[in-house]
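**Q** Output the structure for:
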Amino acid sequence: MTARQPRQLLRRDERRAQILRAAAVAFSESGFAATSVEDVAKQAGITKLIVYRHFESKAELYRAILDEVARRLSEEFLELVAEDSTVGSGTSGVLSLLNVARELPDGFRLLFLHAAREPEFAGFASEFRELQTHVAAGVLEPVIADATIRAWGTRQLVDSLVTSVLNWLDTGDPARDHLFVDMTTSAVRSSVISWANVADHALRPL
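**A** Got it, this is the predicted structure:
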């Protein structure tokens, strides 16, 4: 007979974080409707009762994951902006996305891939995307005068950055994350300059 492993005692905040990580995995794999609180408990290696001690419902648990990822993205971006003397280069935006994606990979996927498909959480995903678009608009406004091109460019910039991070998360080597940041920042600069040049040329009288 093997000795029974004692249940690991965690502080309340540690247990809550453990449940959130497990729930992000479970929801990402099966979706909100098909995932039960029992599935989350099994993923976390705890009982359903322990999950309910921290979260009143499955919906509250899903929303807590989205809140955590959104909060960490905001914190990371603001911290990097405060430290980065070259914030205008866009490095802070790329690096903040990647850092949080590495820290909370399943939650990151939940926010940017799955939440928009869930009726209960599509509004949250849409609001967060609009917030990102607003930040991107602040970057493009001094560079692109054409309002139509700028409106398209802000959304294109947000979508391409998120997709780039998700693809790197799936295929990239963490040891080469610095290379990804350099490549992506360079691509952003080149794209914005190209859009600005083409839009400016189109506005010139013949």
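**Q** all helices for this structure, in order.
**A** With DSSP state H as the criterion, the chain has helices at 12-30, 37-44, 48-54, 58-83, 91-103, 105-109, 122-140, 147-171, 177-203.
**Q** Format the ones you listed as CSV; extra columns: distance to Ala115 and mean pLDDT.
**A** (C-beta placed from N, C-alpha, C; glycine too.) Converted to CSV, those look like this (distance: least, C-beta to C-beta, whole Å; pLDDT from 0 to 100):
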stretch, distance to Ala115, mean pLDDT
helix 12-30, 9, 93
helix 37-44, 16, 95
helix 48-54, 20, 95
helix 58-83, 6, 93
helix 91-103, 15, 94
helix 105-109, 9, 97
helix 122-140, 4, 92
helix 147-171, 12, 94
helix 177-203, 23, 88
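**Q** want to try CSV for the ones you listed, with mean neighbour count as columns?
**A** As requested, these are arranged in CSV below (neighbours: other C-beta atoms under 10 Å):
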stretch, mean neighbour count
helix 12-30, 19
helix 37-44, 18
helix 48-54, 15
helix 58-83, 17
helix 91-103, 21
helix 105-109, 22
helix 122-140, 16
helix 147-171, 16
helix 177-203, 15
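**Q** right, so of these, which gets closest to Ala116?
**A** The minimum distance between Ala116 and the helices of the chain falls on helix 122-140, with 4.2 Å, by C-beta to C-beta.
**Q** Please tell me the pLDDT value assigned to Pro119.
**A** For Pro119, the model assigns a pLDDT of 94.
**Q** Give me the neighbour count for it.
**A** A count of nearby residues for Pro119, using other C-beta atoms under 10 Å, gives 8.
**Q** Please determine how far it is located from Arg155.
**A** Pro119 sits 23 Å away from Arg155, taking C-beta to C-beta, to the nearest Å as the criterion.
**Q** ok, now Ala136?
**A** Going from Ala136 to Arg155 by C-beta to C-beta gives 8 Å.
**Q** and what of Glu29?
**A** The separation that Glu29 has from Arg155, given C-beta to C-beta, amounts to 29 Å.
**Q** next one: Ala22
**A** Relative to Arg155, and taking C-beta to C-beta, Ala22 is found at 33 Å.
**Q** Not counting sequence-adjacent ones, nearest residue to the residue nearest the centre of the chain?
**A** With distances taken as C-alpha atoms, centre = their mean, the chain has Phe108 as the residue nearest its mean C-alpha position (4.2 Å). The shortest distance from Phe108 to any non-neighbouring residue, by C-beta to C-beta, 6 or more residues apart in numbering, is to Ala101 (4.4 Å).
**Q** again with Leu169
**A** Ala101 (5.1 Å).
**Q** which outside residues touch stretch 49-61?
**A** Outside stretch 49-61, the residues that touch it by C-beta atoms under 8 Å, 6 or more residues apart in numbering are 12, 15-16, 19-20, 23, 32, 35-37, 40-41, 44, 64, 120.
**Q** Restricting to C-alpha, output that stretch in CSV.
**A** Backbone C-alpha positions of stretch 49-61 (Å, rounded to 0.1, in the frame of the first residue of the first chain) are rendered in CSV as follows:
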residue,chain,number,x,y,z
LEU,A,49,-16.8,22.2,-1.9
ILE,A,50,-13.4,24.0,-1.7
VAL,A,51,-14.2,25.7,-5.1
TYR,A,52,-17.5,27.0,-3.7
ARG,A,53,-15.8,28.4,-0.7
HIS,A,54,-14.0,30.8,-3.0
PHE,A,55,-16.5,31.3,-5.8
GLU,A,56,-20.3,31.3,-5.6
SER,A,57,-20.9,30.1,-9.2
LYS,A,58,-19.2,28.9,-12.3
ALA,A,59,-20.0,32.3,-14.0
GLU,A,60,-18.3,34.2,-11.2
LEU,A,61,-15.2,31.9,-11.6
